[in-house]
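Engineer: Next come a sequence and a model predicted from it.
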Amino acid sequence: MIADAHLPADIDLTSVVAAEPDPLLFATVSGAHLYGFPSRDSDVDLRGVHLLPAPALLGLREPEETRSRMWFTDGVEMDLVTHDLRKFVRLMLRRNGYVLEQLLSPLVVHSTEAHRELVSLAPGVLTRHHAHHYRGFAGTQWRLYEKNHELKPLLYTFRVLLTGIHLMRSGEVQADLPTLLGEVTAPAYLPELIEAKAAAEHGGADVEHARVAADIEALHAGLDAAQEASKLPDEASAHDALHDLVVRVRLEG
């Protein structure tokens, strides 16, 4: 089991791997635990990649390229979503920052050599156009915040903008908000919001809306500027290497 102070100590996440119908190439913890602001009642979001047998992709039946299940363990909501290797790699190549955060999560439940190879190839899919993912994600979360004024979507809005800015500047995918506060200039009140989120998963945001809106707008401008100045390439360079990995792992599996 991974060592993470935010996760309930009595949850054996490794047992989840053994219960899957097909081999898992990796499973990591995502969501609020990865982002650095879990609450006492936060669910545990598990994400990963499964490997379908070759006949499942060659026959007439639709393959289970994505699997999702939810259950409770000692009152804690558990959520597992996995993609087949081919689908996951295609998402990587579509400039999807979300799957890269899952792949590169330091909260590793299960790993294999294929997982380590995917991690090694991840820099080859990063482009300056990943800024579009984080810009769009931030817009979605901001609209949720404006609808219900909950703290959770507000923190998500800040997190994804700071992740996007940091990625454009450094070429590094960093999803942990407290870490980002030491890397990117951000509003000074964010640590207080993180502390408030730890107390309640769905609490309201005790903030001045006009001030927060101005800060979000400034971060959007910062993301635009970071993308413009980014040294990341326009196109991924790892397509062929990822193709070879998918074929080899499928044949070996």
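Structural biologist: Happy to help now that I have it. Numbering: from 1, shown residues only.

Engineer: could you pull out the helices for the stretch 151-253 of the chain?
Structural biologist: 151-170, 177-180, 190-199, 209-229, 239-252 (DSSP state H, counting those that start in this stretch).

Engineer: Buried residues of stretch 126-136, list them for me.
Structural biologist: Using 16 or more other Cβ atoms under 10 Å as the test for burial, stretch 126-136 gives 126, 127, 128, 129, 130, 131, 133, 134, 135. Every residue, glycine included, has its C-beta placed from N, CA and C.

Engineer: and the nearest residue to residue 26 once chain neighbours are set aside, how many neighbours?
Structural biologist: Nearest non-adjacent residue to residue 26, counting by Cβ to Cβ, 6 or more residues apart in numbering: residue 115, 3.6 Å away. As a burial measure, residue 115 scores 19 neighbours (other Cβ atoms under 10 Å).

Engineer: mind listing what residue 115 touches?
Structural biologist: The neighbours of residue 115, taking Cβ atoms under 8 Å, 6 or more residues apart in numbering as the test, are 25, 26, 49, 103.

Engineer: Please report phi then psi for the last one.
Structural biologist: In other words, residue 103. Here is the backbone geometry of residue 103 (degrees, to the nearest 10): phi -60, psi -40.

Engineer: what sits against it?
Structural biologist: 26, 28, 88, 92, 115, 118, 119, 122.

Engineer: One more: residue 112?
Structural biologist: Counting by Cβ under 8 Å, 6+ apart, residue 112 has contacts 24, 25, 26.

Engineer: any idea which of those is the one closest to residue 17?
Structural biologist: residue 24 (5.3 Å; Cβ to Cβ).

Engineer: What are the structural domain limits within this protein?
Structural biologist: The chain breaks down into these domains under automatic domain parsing: 14-126+236-252, 130-229.

Engineer: so how far does the last one reach from one end to the other?
Structural biologist: Distance across domain 130-229, first residue to last, is 14 Å (Cα to Cα, to the nearest Å).

Engineer: Next one, pLDDT for residue 60 please.
Structural biologist: As predicted, residue 60 sits at a pLDDT of 84.

Engineer: residues near it, how many?
Structural biologist: Count around residue 60 with other Cβ under 10 Å applied: 4.

Engineer: Tell me if it really is in a helix.
Structural biologist: No: using DSSP: H, G, I helix; E, B strand; the rest coil, the assignment for residue 60 is coil, not a helix.

Engineer: what's the closest non-adjacent residue to residue 164?
Structural biologist: residue 134 is the one closest to residue 164 (Cβ to Cβ, 6+ apart), at 2.9 Å.

Engineer: How about residues contacting whatever helix or strand that neighbour lives in?
Structural biologist: Taking DSSP states H and E as the criterion, residue 134 maps to helix 130-148. Identification of contacts with helix 130-148 by Cβ under 8 Å, 6+ apart yields 95-98, 100, 150, 153-154, 156-157, 160-161, 163-164, 167-168, 205, 216, 219-220, 223-224, 226-227, 230, 232.
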